[in-house]
Structures are given as C-alpha cells and as structure tokens.
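[1] The following comprises the amino acid sequence and a computationally predicted model.
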Amino acid sequence: MEPFTQEGLARREKEATKNDKPEEEGEETTNDLKYPLELYNYKLSGVLVHSGFAEGGHYYSFIKDRENEIEKDQWYEFNDELVKEFDKEDIESECFGGEEKFSDMMGHSFYIKSSEKHRNAYVLFYEKTSNEDIPYSDSEDEAEKNPTEENNESSDINMTSEHEEAVMVKQPKLKRTTTVKIPDEISETLIEENRKYWQYRFMFSLEYSDFILELCTLWNSMNITPLNYETKNNDYNILNINEEEYKKKIEDLSKAEALAGVYVDPSRKLLHCKNIKHLPEKKILPSEYINILQKYAPDGNTEQIENFEHEVFKLTLTFYLTVKQRAQDKDMIPEFIDLIKSYINKSTRASEWCIKQFSNNEIIAENLLQCPVTDMRKLSAGIMYCAMLKLYENEKDVLNSYWEYKEGKCDTFQKTYLGNFINLLISNFDNAHNYSEQNSQYFQLIARFSSLGKEARLYLLKAKIVGRIFNYYLNDSSQFQEFFNDFSDVEFEENQLIEIGLPMKSEDMKLTLWEELIQKKRDTQIADGQQDYTFIFEILSNCLTSCVINTDDGDTFKDDLRYTGLHPNELELLKLDEKDITGILETCTSKYTHSNK
C-alpha cells in the first residue's frame, strides 16, 4: 500500500521529477523509502458481496478465519443462516461479476449457455501483515523542513535552485491527525439512532419482560390478583357448564388424588388459575410483604389502591401489545395472558379501558387482520372476548337503546362500550376482504359476541348482520352490494387517544423499491388466500336460530327472541337455490379438508 500513501505519492513524484518523465506502472522503485516496505503490506481478510441489481438484492460475506493457527487460509461463507467453508481460489469468480457458463439440456441434447453474473464485491476488508505501526509523529513537519531553507534564513541571497523550489512546492507536508467536526444534523441523527437501538435492545430483552411480569404480578404481595380471580375467559354459562359444580368437581378430584398419594398438579390447587404454574417462582420473604391496605387505605377508602391497580393493568396490557405482540415474542406469553385476564375478570374499569383501546381502526387492523401469526391473533381476540364477557352483564339491558334511537323510538340513547366496539367491527367488513387468509379471528370475535346472549344477537340482527354476512360470502355476485356496503347505520366513535401506541403507518416506513414489490406481492397473496368460513357460518347460525323465518317450531330456536325484523333484502338473499346450497357445502368441505391436511 506504500505507493498509495501520502509519503509514497510524494516519493514517486520526486523521483519522476528527477528523471524528467512520469514513472510508468509496474516500475516502482523502493529507493529512499521513508519506512520499511513490510509496514505497508496488507492481506485480504473479508469481502462483502452484493448479489442483485441497483434497485435491490441481497448481501452476504466471505470471511477469512484469522484465529485458526493450523489452517491459516481457511475462508467461510456467511449467508444469513447458512455458514459453510469457502475456497479462496473462487474469490475471483464469485466477487467480480462477468459471465458464467453452464450446461443445459433440450430434448436429448446438451448445450452450453452463458449469463451475466450479478454477484460483485461491494466492500473489501484488509488486515495488516506486520504487528508494527508506522511511526508517524506530530514533529515530522519540522523534521521534513528543507535544510537549504534553514541555511538561507540568515542570508539575504536566495541560494535555492529552481529545481529545489519545484520539489519544495510539490512535496506535501504530512499531517496525520485531522479533526473534522460532524455537522449538528448528522450528529443528532446518530445520537437518536443509538438511543433507539439501546432502548429497543433493553425493552425486548428477556430480563426486562421478567421484570415487568414480576412487578405487575407481585406489586401487591398480600393480594396477588391471578391467585384470586379467573385467568381465563369466564364463559361457563355459554358453554352450559355450572361453574360451582365444575370447580367443586376439580377440588374433590384433587383431594381424592392427594389421599391416594397421587401427585397433584399445582395448577389445580388454585381453581381460578388456568396457568398458575407459569407464575413467577419468586419466594417473597416475610419482611418483603407490604400491607397495601394498611399503608394506603387505613381509613377503609380503597380508591387510591384501585387507581394503583388500574395503572398496573394498563402497564401490563400496554407492554404485552407493544412489545410481546408486535415483536411476535412468545416467551412468557402464558404468564402475561393470565395476568391480563385476571385483572379484566376482576375489574369492570379494566374491561372498559381495554375495549376502548381496541376501538380504533388501526388497532383492529393490526391485531386481527394484518398480524401474520395466527396464535398472536387468537390471543388478541381472546383478550377482547374476555373484556366483552365482563361488560356484557352490565350493558346488555341498555345495549339496544342505540337501535331504538335510530328507529326514532326515543330522543337519545345510552352509549355503551360494547355497542360502539361492535359497530366499529362491522364497519371493517370491506377491509376484511383484503385479508382473506388472516381474517378468521376478526369474524371469530363477532361470533363470540353473538354467543353472549339474546340481547347481543338482537343487536347484530338489527345491524343487518345476516345480509352483510351473505353479501360478504357472495361478494361480486350479490345483487345488494351497494346496500349492504353502506355502513352509515352503524355509527361509532373511534378512539383517537390510544394509550397503547398506534402501529407505524406504511407510508412512514422507509422501504426500498425491492421491499415494496415484495410487500405488494404478499398483500395480494393474503387478499387472494383461502377464506376460513368457520366463524362466518357460526355468526349466521347463532343469529338465524333467533329468527322466525318460515316456521314457528320452538325446537329450532336458540332463545325466546323470535326476531321477525329481517330486511327484505336479507330475506331475498336467504332464498337459496340448489346451486347456492351446494356451493356452501363445498366451501365447508373444502375448508375441512384443507385444515386436516
């Protein structure tokens, strides 16, 4: 590398001036070297390769093993998860583009084809062969001072020749240390990027998740919520299970097994806890117990404690949705879900806050439609369903006052969290079409609402859910597309003050052209993917069994609702001919076959 250094360039220029002709390539001389030549020698130790085009491509590396003393010339290819040995003799053919030839076969004949290589070295890495450094120093400028100039300082006569003046002008002075001030804008950007990097690394670490889980579980160590409240959806009545009998049965079974000397699963000792075994195994010493009631509610007023608990719940749900859910990190998921549901089952206030946070189109789209991981969508739907169960008993009697208001039967109506949330869900039918492959949990949530009770089914029937479901199923072949795609009757107030954080908008993401093309292709695949009709038909089944259509046979009804207010367009869509029925059966059969492959 000596010819390409400052001192090397100065030496070559000086020698070229002496010879009165430019020095030709390949005729380097080592006369008057400033430092030994071996100090300038470097060996190639790594190559970063770009495969592709200017619009996009892929990066991978060839790296020399510098720690192996036995095989000093061993190279490896690092290509994402692929790591394998690489022959250094192939560097030229793998890193410098050009053409490559390969054989192909047409019929029974072989022929040779050639194509352009799209693999080129992007960055080269070298390592110094000598352990010694070039002894640059700040005093070199003084040492390089021309001796002729020093001798002439005390003389009035200029003793330098024209040739020496030319050399002095052309020979650069070496300055090895230069301080460059980074512009403030670039400096601030670097500082912010570093801050985000360390913040994200800390937030997404397992240690931080463990800390948040323990904090939100054990903050009130005298009254740990998951030990006293259900950690699952409290839907015994919907499943036609007597809650008290079910718990007593498990308790009796545990006692019988204990008497018989059979190991009893700790998760069955506390009947409320579905995943109690996942709770932190922290052993709290007696001195660590804090009597929250005695400290913050000595007069019996627990309002401050309830506020503390609500903030803990908000922290738990926010951390789960913004960190665990968005990172699709499954570590400690059962523990967080148990904790969240225990707070929801305990507090109506927590349920209201949860439903309010999900009453936003972007949040619904992110958690029920756009999320590519089925398990994560199921967990989100499970949290919302748990909150719906808690609120339903409080709101069911006033739920349909909204439709009485819309029908002109009253001047005002009582707003409900569930009614507003369901209206928002229904208004997203059009958006659900764009996620055919991933929208099953969206319809599952509506199906779960329809199973809550006759008040919920009446609400959906008045929202023309039967017609909208058939319209969705028939898509372009429905003669009432415009009518059922008008969602002006299901008004809702979208929550704009989201405390759990909105997802990043696609227009704010900096994607390369290649990434945009891949994203568009993936979006098309999702939209054209196979639709899961399981929960769509469950919604129809639940709602139609509360309607009077062609018969008054009591055995066919789910309840005593006996709804007769289906819209004429809905009744028209219900007139299925043999072709329609066959199509539905084929859809169900196809789905069943696909899910059991």
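    Perfect, thanks for sending it. All values derive from a computational prediction rather than experimental measurement.

[2] The helix or strand where Val83 lies pairs with which strands?
    Element membership for Val83, per DSSP states H and E: strand 82-86. The strands that strand 82-86 pairs with in its sheet are strand 75-79 (antiparallel) (by DSSP bridges).

[3] Pull out the buried residues from the partner strand.
    Trp75, Glu77, Asn79 (16 or more other C-beta atoms under 10 Å). Heads up, the C-betas are built off the backbone N, CA and C, glycines and all.

[4] could those residues go into CSV alongside pLDDT and distance to Asp528?
    Below are the buried residues of strand 75-79 laid out as CSV (pLDDT from 0 to 100; distance: C-beta to C-beta, whole Å):
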residue, pLDDT, distance to Asp528
Trp75, 93, 44
Glu77, 94, 37
Asn79, 92, 31
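
[5] Contacts for the lengthiest strand in the chain, please.
    Longest strand in the chain, counting residues (DSSP state E): strand 42-53. Residues from elsewhere that reach strand 42-53 (C-beta atoms under 8 Å, 6 or more residues apart in numbering): 1, 57-64, 66, 91, 94-95, 118-129, 514.

[6] Neighbouring strands of it in the sheet, and parallel or not?
    For strand 42-53, pairing defined by DSSP bridges yields strand 56-64 (antiparallel), strand 119-128 (antiparallel).

[7] distance between it and the chain's centre?
    31 Å (C-alpha atoms, centre = their mean, to the nearest Å).

[8] List the buried residues in the strand holding Val83.
    Buried residues in strand 82-86 (16+ other C-beta under 10 Å): Phe86.

[9] I'd like the average pLDDT over that strand.
    For strand 82-86, mean pLDDT is 91.

[10] so after it, what's the next helix or strand?
    Trace forward from strand 82-86 with DSSP H and E and the next one is helix 91-95.

[11] which strands and helices sit next to that following helix?
    strand 42-53, strand 56-64, strand 119-128 (3 or more C-beta pairs under 8 Å, 6 or more residues apart in numbering; DSSP states H and E).

[12] follow-up on the earlier one: contact partners of the strand holding Val83?
    By C-beta under 8 Å, 6+ apart, strand 82-86 touches Phe62, Gln74, Trp75, Tyr76, Glu77.

[13] contacting residues around the first one?
    Looking back up the chat, that one is Phe62. Gly46, Val47, Val49, Trp75, Tyr76, Glu77, Phe78, Phe86, Ile91, Glu94, Cys95.

[14] Quickly note the distance from the nearest residue to the last one once chain neighbours are set aside to Gly467.
    Leaving out its chain neighbours, the residue that sits closest to Cys95 by C-beta to C-beta, 6 or more residues apart in numbering is Ala121, at 4.1 Å. Relative to Gly467, Ala121 is positioned 63 Å away (criterion: C-beta to C-beta, to the nearest Å).

[15] Which of these two has more residues huddled nearby?
    Under the neighbour definition other C-beta atoms under 10 Å, Ala121 and Gly467 were set side by side, and Gly467 has more, 22 against 17.

[16] and Leu190, how many residues sit next to it?
    11.

[17] Could you do the one 4 residues further on as well?
    Close neighbours of Asn194, defined as other C-beta under 10 Å, add up to 10.

[18] Over to Glu407?
    Using other C-beta under 10 Å: Glu407 sits among 10 other residues.

[19] What distance do you get for it to Lys462?
    For Glu407, the distance to Lys462 - C-beta to C-beta - is 8 Å.

[20] And for Trp198?
    From Trp198 over to Lys462 (counting by C-beta to C-beta), the distance is 53 Å.

[21] Have a look at those two and say which one is more surrounded.
    Counted by other C-beta under 10 Å, Trp198 and Lys462 do not tie: Lys462 has more neighbours, with 19 against 9.

[22] Which residue, neighbours along the chain excluded, lies closest to the more buried one?
    Trp403 (4.3 Å).

[23] In PDB, list the C-alpha atoms belonging to the helix or strand Glu192 falls within.
    Using DSSP H and E, the element containing Glu192 is helix 184-203. Provided in PDB are the C-alpha atoms of helix 184-203 (Å, rounded to 0.1, in the frame of the first residue of the first chain):
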ATOM      1  CA  ASP A 184     -25.000  19.100  14.000                       C
ATOM      2  CA  GLU A 185     -27.800  17.500  12.000                       C
ATOM      3  CA  ILE A 186     -25.800  14.300  11.400                       C
ATOM      4  CA  SER A 187     -24.600  14.200  14.900                       C
ATOM      5  CA  GLU A 188     -28.200  14.500  16.300                       C
ATOM      6  CA  THR A 189     -29.400  11.700  14.000                       C
ATOM      7  CA  LEU A 190     -26.600   9.400  15.100                       C
ATOM      8  CA  ILE A 191     -27.300  10.100  18.800                       C
ATOM      9  CA  GLU A 192     -31.000   9.400  18.300                       C
ATOM     10  CA  GLU A 193     -30.400   6.200  16.300                       C
ATOM     11  CA  ASN A 194     -28.100   5.000  19.100                       C
ATOM     12  CA  ARG A 195     -30.600   5.900  21.700                       C
ATOM     13  CA  LYS A 196     -33.400   3.900  19.900                       C
ATOM     14  CA  TYR A 197     -31.100   0.900  19.400                       C
ATOM     15  CA  TRP A 198     -30.200   0.600  23.100                       C
ATOM     16  CA  GLN A 199     -33.800   1.400  24.100                       C
ATOM     17  CA  TYR A 200     -35.200  -1.400  21.900                       C
ATOM     18  CA  ARG A 201     -32.500  -3.800  22.900                       C
ATOM     19  CA  PHE A 202     -33.400  -3.200  26.600                       C
ATOM     20  CA  MET A 203     -37.200  -3.300  26.100                       C
END
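
[24] Tell me how the protein divides into domains.
    2-136, 398-597 (automatic domain parsing).

[25] Any chance you could list what contacts the longest helix along the chain?
    Using DSSP state H to define each element, the chain has its longest helix at helix 374-395. With C-beta under 8 Å, 6+ apart as the test, helix 374-395 has contacts from 232-235, 317, 321, 325, 328, 330, 333, 337, 340-341, 344-345, 348, 350-352, 354-355, 358, 367-368, 371, 416-419, 421, 438, 440-441, 444-445, 448-449, 452-453, 456.

[26] so which of the strands paired with strand 42-53 is the most packed in?
    Each of the strands paired with strand 42-53 was assessed for mean neighbour count using mean count of other C-beta atoms under 10 Å. The highest is strand 56-64, with a mean of 16.

[27] same question for that strand, mean pLDDT?
    Here the average pLDDT along strand 56-64 is 92.

[28] now that strand, how far from the chain's geometric center?
    With C-alpha atoms, centre = their mean, you get 25 Å for strand 56-64.

[29] Please apply the same query to stretch 458-465.
    Averaging C-alpha positions (C-alpha atoms, centre = their mean) puts stretch 458-465 35 Å from its chain's average.

[30] Using CSV, write out every CA atom in that stretch.
    Taking Å, rounded to 0.1, in the frame of the first residue of the first chain, the C-alpha atoms of stretch 458-465 are listed here in CSV:
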residue,chain,number,x,y,z
LEU,A,458,-80.8,-8.8,18.6
TYR,A,459,-78.1,-6.0,18.3
LEU,A,460,-76.5,-7.9,15.4
LEU,A,461,-79.8,-8.7,13.7
LYS,A,462,-80.8,-5.0,13.8
ALA,A,463,-77.4,-4.2,12.3
LYS,A,464,-78.4,-6.4,9.3
ILE,A,465,-75.6,-8.9,10.1
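
[31] Show me what counts as buried in it.
    Leu458, Tyr459, Leu460, Leu461, Lys462, Ala463, Lys464, Ile465.

[32] for Arg457, what are its contacts?
    Ser450, Asn542, Cys543, Ser546, Lys558, Asp559, Leu561, Tyr563.

[33] Pick out the lowest-pLDDT one from these.
    Lys558 (75).

[34] Check the secondary structure at that one for me.
    coil (DSSP: H, G, I helix; E, B strand; the rest coil).

[35] quick one, phi psi at it?
    When read as degrees, to the nearest 10, the backbone of Lys558 gives phi -80, psi -30.

[36] picking that back up, which parts of the helix or strand following the longest helix of the chain are buried?
    Using DSSP H and E, the helix or strand that follows helix 374-395 in sequence is helix 401-406. For helix 401-406, a neighbour-count test (16+ other C-beta under 10 Å) marks Ser401, Tyr402, Trp403 as buried.
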